[in-house]
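Engineer: With the sequence up front, the predicted model follows.
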Amino acid sequence: MAAHAAQRDDQLCNGDDDVPELYNSDDEEWNSMEEEGYDHVSVPCVFCDRNLGSVAETLQHCKADHGVYIPELVNKHSLDDYGYIKMINYIRGNKCPAETLLMVPNGSLPWDNDEYMKPVLPDDPLLQIDVEELSGATAMMLSPSTDDQASGLLHRARQAEDRAQRAEEALAQAMEDLNKLKLMAQGLVLDADTNRGRSSLGPVAELRDDEDEAYFSSYGHYSIHEEMLKDRVRTDSYRDFMYNNMDVFKDKVVLDVGCGTGILSMFAAKAGARKVIAVDQSEIIYQAIDIVRSNQLEDTITLIKGRIEEINLPVEKVDIIISEWMGYFLLFESMLDSVIYARDRYLAPDGLVFPDRCNISLAAVGDVQKHNDRVAFWDDVYGFHMTCMKKAVLPEAVVEVLKPETVISEPAVIKTIDCGTVTVSELEFSVDFTLKITLDTFCTAIVGYFDIFFDMRCRNKVEFSTSPNCPKTHWKQTVFILESPISVKAGEELQGQITIHKNIKDPRALMITLDLSGRRQTYSLQ
Ligand code: SAH
């Protein structure tokens, strides 16, 4: 109620301490209002035709002659400023008798209607009063220590303090809302200036917002970010890479593609970046705004809400792109496409993309017990055949943490990605592989995982792996269960071929086809 409050402050507040005197109940103290220029105000009574010389006098008259002390009504019905205004207009508009007013029950207010926000009297002086002052007036009236100057002052000081605190909170909230609005507006404006329809971008870049809504809304929830931040292998690696290679970041302009909570941007800022532009399409960016501000990094980090493919950055080029784009089996989510887009559009000619290199690897798995539990299980379920269910189970890749002892081959790298040069089309591929078996057993599945490297022009190289032999990460491993276990011997080489492509219906999902020992199975990862 800012406009009303401003008017009220002008009229009622003592310029020095901003504490209105209205609630001092004895005549002498009421006078303080008069000293401030209220003696010539004509304030009509709400119940009769009398005009009195001040708000205070009118209130006293209502009490003395009509038996209604308005501040008490305000307290009784816990009225806020709006409620109070509506009540006054209701009384005036309906010429409501004083007795009726006293009988209004709590919680059922006849003036609880916005039509009563309209003043009945133009410039009604009674509407210029703050209900807090009226509540104070009641407190002082009811208190036997009304005359006690010290307690009165204390009371007023507390009220002033409360008000100041509430105002401060409201201001902080308003600032935050304003910033969010600014970002939203920015999002809208930038949305209008899109790059849609460019055919060379690849299927993910060409997705429309509505098609990608589920994807981005999943990142709007805090839990996914909590999981990522608590993945120490992941987050420590990004931090160590930036903090231990500050010379790479010093005075650089950095773009964080998919900033989430802003963690990587803050690492970059602390590592000496001159400017960090943090982009995310998901609602989590609103938290990132608060996070960046509460860490006093707002001068370095600029946050932009939008799909990187659809916005225009406030700079022509950036020196470094950082992003944590990796999905299950590395390529699930296809977010690397967005990083490639950002790289091709914004990276300066000698700029760097981090992480700069990744491997995808496969290994053979021998875990007959688990295979029985997942596949043979359907042959006899409480004495019934449910064998047909295998057709539903097998084509789904399983994301889980494998026991390292179930790995029965040396790993084979099937793909190396140079993030500085890779193209979107290279992320769909077919490749032959050989797995060197290390144990006489049955191969029941193939496991896929990836390794990440931060080493380009870094003195202190950092890498991490999502292999079953390494500390687990939230990416776990991706397991492709074989329909029938294959008998294998140590030293034997298991030959196969893997084909990875995007699901045509959902380009963020992957279709993986494995050819192994003359059998072919296609798996989906979604
Ligand atoms: N960098 C953060 C979050 C990583 S998760 C961290 O390391 O913790 C990936 C984030 O990228 C998600 O918040 C997602 O909303 C965002 N994202 C994915 N594709 C994007 C795109 N094309 N444009 C903008 N943001 C994107």
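Structural biologist: Yes, it's here.

Engineer: got any ranges where the stretch 151-300 of the chain has weak pLDDT?
Structural biologist: Per-residue confidence for the stretch 151-300 of the chain (pLDDT under 70) gives these ranges: 151-152, 176, 179-180, 182-206, 208-210.

Engineer: Pick out the residue in the stretch 351-500 of the chain sitting closest to the ligand.
Structural biologist: The stretch 351-500 of the chain approaches the ligand most closely through residue 474 (10.7 Å), counting by C-beta to the nearest ligand atom. Every residue, glycine included, has its C-beta placed from N, CA and C.

Engineer: Hmm, that residue is touching residue 228, no?
Structural biologist: Yes. Here residue 474 reaches residue 228: they are 6.4 Å apart, a contact under C-beta atoms under 8 Å.

Engineer: Okay, the spatially closest residue to the residue of the stretch 351-500 of the chain closest to the ligand that is not a sequence neighbour and the ligand: tell me how far apart.
Structural biologist: Excluding its sequence neighbours, the residue lying closest to residue 474 (C-beta to C-beta, 6 or more residues apart in numbering) is residue 231, at 4.4 Å. Between residue 231 and the ligand the computed distance is 9 Å (C-beta to the nearest ligand atom, to the nearest Å).

Engineer: phi, psi of residue 231?
Structural biologist: Dihedral pair for residue 231: phi -80, psi 100, per degrees, to the nearest 10.

Engineer: State the number of residues packed around it.
Structural biologist: Residues near residue 231, counting by other C-beta atoms under 10 Å, number 18.

Engineer: from what I can see it touches residue 466, true?
Structural biologist: No. Using C-beta under 8 Å, residue 231 is not in contact with residue 466, being 10.1 Å away.

Engineer: Identify the contacts common to the two.
Structural biologist: Common neighbours of residue 231 and residue 466 (criterion: C-beta atoms under 8 Å, 6 or more residues apart in numbering): residue 473.

Engineer: Where does pLDDT dip in the stretch 351-500 of the chain?
Structural biologist: When residues are selected by pLDDT under 70, none of them lie in the stretch 351-500 of the chain.

Engineer: In it, mark out all the strands, start to finish.
Structural biologist: For the stretch 351-500 of the chain, the strands defined by DSSP state E, counting those that start in this stretch cover 357-365, 398-400, 412-418, 429-436, 441-454, 462-465, 477-488, 493-502.

Engineer: The helix or strand hosting residue 342 close to the ligand?
Structural biologist: Here residue 342, judged by DSSP states H and E, is contained in helix 336-346. Yes. Legend: contact between helix 336-346 and the ligand by C-beta under 6 Å from any ligand atom is shown at residue 338.

Engineer: So for that helix, what gets flagged as buried?
Structural biologist: By neighbour count with 16 or more other C-beta atoms under 10 Å, helix 336-346 contains the buried residues 336, 337, 338, 339, 340, 341, 342, 343, 345, 346.

Engineer: how about CSV for these, with pLDDT added?
Structural biologist: Output for the buried residues of helix 336-346, formatted as CSV (pLDDT from 0 to 100):
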residue, pLDDT
336, 97
337, 97
338, 97
339, 98
340, 98
341, 98
342, 98
343, 98
345, 98
346, 98
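
Engineer: between those, which is nearest residue 517?
Structural biologist: Nearest to residue 517 among the buried residues of helix 336-346: residue 336, at 31.2 Å, using C-beta to C-beta.
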